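**Student:** Here you go, sequence then predicted model.
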Amino acid sequence: MDSAALKKWAIVLALGLIIWFIPCPAGLSPNAWHLFAIFVATIAGFILQPLPMGAMAFLALSFCALFGILKTKDVLMGFGNGTIWLIVCAFFLSRGFIKTGLGRRIAFGIIRAIGKSAMSLGYSICLAELVISPAMPSATARGGGVFYPIVQSLSSAFGSEAGPSSGRIGKYLMQVGFHADAVTCMMFLTSMAGNPLCVGLAASAVGVELTWMQWAIAAIVPGLVCLFLVPLVLLKIAPPELKQIPNARQLASDELAKMGPMSFDEKVLAFVFVMCLVLWATGSITKIGATPIAMLAVSIMLITKVLTWKDVLSEKGAWDAMFWMGGLMALATALAKSGFIKWAATMIASGISAANMGWIASFVVISLIFIYSHYCFASVTARISAMYAAFVAVAVACGAPALMVAVAFGIFSNLPISLTHYGNGAAPVYFGAGYVSQAEWWRNGFIICSINTVVWLTVGMAWWKVIGLF
């Protein structure tokens, strides 16, 4: 082991041990505190990577099982999570797009239509996300299953692959795709599966009944501003080498001519793709979950030989994402169940209430804590379950208008998706493509999240004043 790896291990272990041996705070069980220590050490391991992320997650789970921090069934529960398998199926769907050439055909079709520059491609992704998002409540299915294969094909079409050529345009497009998915999650009640949970919790916590239209009107102006800024900001902080593409349309036409008519495999995959879109969009009617739909898609591809079982086994990104995301999901879920999150939220809320800062200042402080606490979560829905009701109740108790608070914290539940490579189900899919390093992903994610936060706390609050939320 070299000196650099030793230093990384020293930092990871020191963080975990320091927290572990700090006396357990009042109101919290020793087991919950020790679980928090392991979680912090695991996140540090993800950042520094003395071992790959999957290996770090496996070590953390093994430690929890061996020393009785978690029962074996709790250690393994992340791997049975529906979102994890939706992520895995999204990788397989993407493999089908690459193998059949359908993704390449779609990419060249987009380039032929609007492919003047990297920015025009970025805005086309944002516009498509905006159009589809109200009808597709699974952000993982939308980002990972629908847009990621197209974004990957666009990148490949311009000779940008993971590795040395990633900076050509792929790194830029991958981040635009992910952050656009995060923004659209905020904009509609039906654009993210956890949003309806906010509606239910708002009714029970502060007696506010939110409607689809109230949410959409409150989110439309600041949401469009955020969506407009995504390609622009990334053009500055993650500039592609290929900014202008003057001959793109002719290139696309020539390549489409070379490809000729659609093959049988492409037609099968096109049917599967449209089937997924329709079923995901009508899930509230059919009551079929996003994960079973994705599994059906993979099954059809296997039966028709669009994918072989060897293709499935060789899709390393899927299995790697399953290990580290499943492990992190198990730790985050256990941390919430242990009472740590509720304890931390209560402590924060008590401190803010005692400060007596006035409702606007209190609302801003509570919002910032709520947003940036997402570093501790691998699931938006889990964070909503653990924190939404408590933070909404505290904000209202500080004098903030109940309707505004209910809408705002529903939106803010999705705002920090941009922060990390595990912020929601689509994140591991885009990150797993290998175009963006973890350090760059976190840096750019923090910048995008912070800009969006400023937009919502300025433009957003001004708009909420205009429409009468306060």
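**Tutor:** Done, it's in.
**Student:** Okay, the nearest residue to residue 304 once chain neighbours are set aside and residue 295: tell me how far apart.
**Tutor:** Among residues not flanking residue 304 along the chain, residue 268 sits closest, at 4.9 Å (CB to CB, 6 or more residues apart in numbering). All C-beta atoms are positioned from the backbone trio N, CA, C, and that covers glycine. Computed with CB to CB, to the nearest Å, the distance linking residue 268 and residue 295 is 17 Å.
**Student:** Count the residues that sit near residue 463.
**Tutor:** Counted with other CB atoms under 10 Å, the neighbours of residue 463 add up to 19.
**Student:** Tell me the secondary structure at the residue sitting nearest the centre point of the chain.
**Tutor:** The chain has residue 424 as the residue nearest its centroid, 2.8 Å off, counting by CA atoms, centre = their mean. Recorded secondary structure, residue 424: coil (DSSP: H, G, I helix; E, B strand; the rest coil).
**Student:** quick one, strands of the stretch 51-200 of the chain?
**Tutor:** Applying DSSP state E, counting those that start in this stretch to the stretch 51-200 of the chain gives no strands.
**Student:** worst-scoring helix or strand of this structure, pLDDT-wise?
**Tutor:** Lowest by mean pLDDT, DSSP states H and E among the helices and strands of the chain is helix 340-355, with a mean of 76.
**Student:** CA atoms of that one as PDB?
**Tutor:** Extracted C-alpha coordinates of helix 340-355, given in PDB (Å, rounded to 0.1, in the frame of the first residue of the first chain):
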ATOM      1  CA  PHE A 340     -30.600  10.000  14.800                       C
ATOM      2  CA  ILE A 341     -32.300  12.200  12.100                       C
ATOM      3  CA  LYS A 342     -35.300  13.000  14.200                       C
ATOM      4  CA  TRP A 343     -33.000  13.800  17.200                       C
ATOM      5  CA  ALA A 344     -30.800  16.100  15.000                       C
ATOM      6  CA  ALA A 345     -33.900  17.800  13.500                       C
ATOM      7  CA  THR A 346     -35.400  18.500  16.900                       C
ATOM      8  CA  MET A 347     -32.100  19.900  18.200                       C
ATOM      9  CA  ILE A 348     -31.800  22.200  15.200                       C
ATOM     10  CA  ALA A 349     -35.400  23.300  15.400                       C
ATOM     11  CA  SER A 350     -35.200  24.100  19.100                       C
ATOM     12  CA  GLY A 351     -32.100  26.200  18.600                       C
ATOM     13  CA  ILE A 352     -33.700  28.200  15.800                       C
ATOM     14  CA  SER A 353     -36.900  28.800  17.700                       C
ATOM     15  CA  ALA A 354     -35.000  30.000  20.700                       C
ATOM     16  CA  ALA A 355     -33.100  32.500  18.600                       C
END
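**Student:** helices or strands up against that helix?
**Tutor:** Here helix 340-355 touches helix 30-48, helix 359-372, helix 389-397, going by 3 or more CB pairs under 8 Å, 6 or more residues apart in numbering; DSSP states H and E.
**Student:** switch to 6 Å and redo it
**Tutor:** helix 359-372 (3 or more CB pairs under 6 Å, 6 or more residues apart in numbering; DSSP states H and E).
**Student:** The helix it packs on vs helix 389-397, what angle?
**Tutor:** Helix 359-372 and helix 389-397 meet at an angle of 170 degrees, taking axes from the mean of the first three to the mean of the last three CA atoms, to 10 degrees as the criterion.
**Student:** and after the longest helix seen in the chain, which helix or strand comes next?
**Tutor:** Assignment by DSSP state H gives helix 212-237 as the longest helix of the chain. Along the chain past helix 212-237, the next helix or strand (assigned with DSSP states H and E) turns out to be helix 248-259.
**Student:** helices and strands around that following helix, which ones?
**Tutor:** By 3+ CB pairs under 6 Å, 6+ apart, helix 248-259 packs against helix 102-114.
**Student:** domain assignment for the chain?
**Tutor:** 1-73, 80-198+208-320 (automatic domain parsing).
**Student:** rewinding a little: and residue 268 and residue 295? Which one has more around it.
**Tutor:** residue 268 (20 against 17).
**Student:** Flag every buried residue along the helix or strand in which that one is found.
**Tutor:** In the assignment (DSSP H and E), residue 268 maps to helix 264-281. By neighbour count with 16 or more other CB atoms under 10 Å, helix 264-281 contains the buried residues 265, 266, 268, 269, 272, 273, 276, 277, 279, 280, 281.
**Student:** so how far is that helix from its chain's centroid?
**Tutor:** Mean-position distance between helix 264-281 and its chain equals 23 Å (CA atoms, centre = their mean, to the nearest Å).
**Student:** low-scoring pLDDT stretches of the stretch 101-250 of the chain, where are they?
**Tutor:** Across the stretch 101-250 of the chain, nothing is flagged by pLDDT under 70.
**Student:** change it to 80
**Tutor:** For the stretch 101-250 of the chain, applying pLDDT under 80 flags the ranges 103, 107, 115, 135-138, 193, 204-205, 246-248.
**Student:** just checking, residue 402 touches residue 209?
**Tutor:** No - between residue 402 and residue 209 there is no contact under CB atoms under 6 Å: 10.6 Å.
**Student:** Setting aside sequence neighbours, what's the nearest residue to residue 277?
**Tutor:** Of all residues not flanking residue 277 in the chain, residue 146 sits nearest, at 6.8 Å (CB to CB, 6+ apart).
**Student:** Equivalent analysis for residue 148, please.
**Tutor:** Closest to residue 148 by CB to CB, 6+ apart is residue 429, at 5.2 Å.
**Student:** would you say that neighbour is within a helix?
**Tutor:** Yes - counting by three-state DSSP, residue 429 falls inside a helix.
**Student:** Which helix or which strand is home to residue 442?
**Tutor:** Residue 442 belongs to helix 438-455, assigned by DSSP H and E.
**Student:** Need the CA coordinates for that helix. PDB is fine.
**Tutor:** Extracted in PDB, the C-alpha atoms of helix 438-455 (Å, rounded to 0.1, in the frame of the first residue of the first chain):
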ATOM      1  CA  GLN A 438     -16.200  12.300  -8.000                       C
ATOM      2  CA  ALA A 439     -14.400  15.500  -6.900                       C
ATOM      3  CA  GLU A 440     -15.700  17.400 -10.000                       C
ATOM      4  CA  TRP A 441     -19.200  16.000  -9.500                       C
ATOM      5  CA  TRP A 442     -19.300  17.200  -5.900                       C
ATOM      6  CA  ARG A 443     -17.800  20.600  -6.700                       C
ATOM      7  CA  ASN A 444     -20.100  21.300  -9.600                       C
ATOM      8  CA  GLY A 445     -23.100  19.800  -7.800                       C
ATOM      9  CA  PHE A 446     -22.500  22.200  -4.800                       C
ATOM     10  CA  ILE A 447     -22.200  25.200  -7.200                       C
ATOM     11  CA  ILE A 448     -25.400  24.200  -9.100                       C
ATOM     12  CA  CYS A 449     -27.300  23.500  -5.800                       C
ATOM     13  CA  SER A 450     -26.200  26.800  -4.300                       C
ATOM     14  CA  ILE A 451     -27.200  28.800  -7.300                       C
ATOM     15  CA  ASN A 452     -30.600  27.100  -7.400                       C
ATOM     16  CA  THR A 453     -31.000  27.800  -3.600                       C
ATOM     17  CA  VAL A 454     -30.300  31.500  -4.200                       C
ATOM     18  CA  VAL A 455     -32.800  31.600  -7.100                       C
END
